[in-house]
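Visitor: Task: produce atomic coordinates for the following.
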Amino acid sequence: MIIIKCAKCKRKIFKYQKIGEGRVWHCWNDRIIMDYSVRDGNEVKCRCGNLIGVVEERWVKMQPHSFIYSGMVT
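Guide: The predicted structure is shown next:
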């Protein structure tokens, strides 16, 4: 389980179940446990207005350098 936070204001965006090693390129919708984001059409934003990602069919395509994450990868 990892916590994805905004790179600007450090607020929580997602609580996400990450499987496997490597970077977070996108977040699968069925693995998002808690969603604290603000949705504006297809855009996923933080409350501060920072664009975190764009919603696609089955996942959220994350914007590089707009988020940070911490936690344990399983």
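Visitor: what residue ranges in this structure score low on pLDDT?
Guide: Across the chain, the ranges flagged by pLDDT under 70 are 73-74.
Visitor: do that again at 90, thanks
Guide: 20-23, 71-74 (pLDDT under 90).
Visitor: Strands of that one, start to end?
Guide: 2-6, 12-16, 26-28, 32-35, 38-40, 43-45, 51-55, 59-62, 67-71 (DSSP state E).
Visitor: who touches the second one?
Guide: Okay, so that is strand 12-16. Applying CB atoms under 8 Å, 6 or more residues apart in numbering, the set of residues contacting strand 12-16 from outside is 1-6, 24, 27, 31-37, 44, 46, 52, 67, 69. Backbone N, C-alpha and C define where each C-beta goes, glycine included.
Visitor: residues near residue 58, how many?
Guide: 9 (other CB atoms under 10 Å).
Visitor: Kindly apply the preceding question to residue 14 instead.
Guide: Neighbour tally, residue 14, other CB under 10 Å: 25.
Visitor: how much space is there between it and residue 68?
Guide: Per CB to CB, to the nearest Å, residue 14 is found 12 Å from residue 68.
Visitor: what touches both of those two?
Guide: With CB under 8 Å, 6+ apart as the test, residue 14 and residue 68 both reach residue 4.
Visitor: re the thing from before, deepest of the strands of the chain, which one?
Guide: Per-stretch averages of neighbours, counted by mean count of other CB atoms under 10 Å, single out strand 12-16 among these, with a mean of 21.
Visitor: Just the angle for that one relative to strand 67-71, thanks.
Guide: Compare the direction of strand 12-16 with that of strand 67-71 by axes from the mean of the first three to the mean of the last three CA atoms, to 10 degrees and you get 50 degrees.
Visitor: Can you list the strands that strand 12-16 pairs with?
Guide: Using DSSP bridges, the strands paired with strand 12-16 in its sheet are strand 2-6 (antiparallel), strand 32-35 (antiparallel).
Visitor: Make CSV from these and add distance to residue 57 to it.
Guide: Shown next, in CSV, are the strands paired with strand 12-16 (distance: least, CB to CB, whole Å):
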stretch, distance to residue 57
strand 2-6, 20
strand 32-35, 14
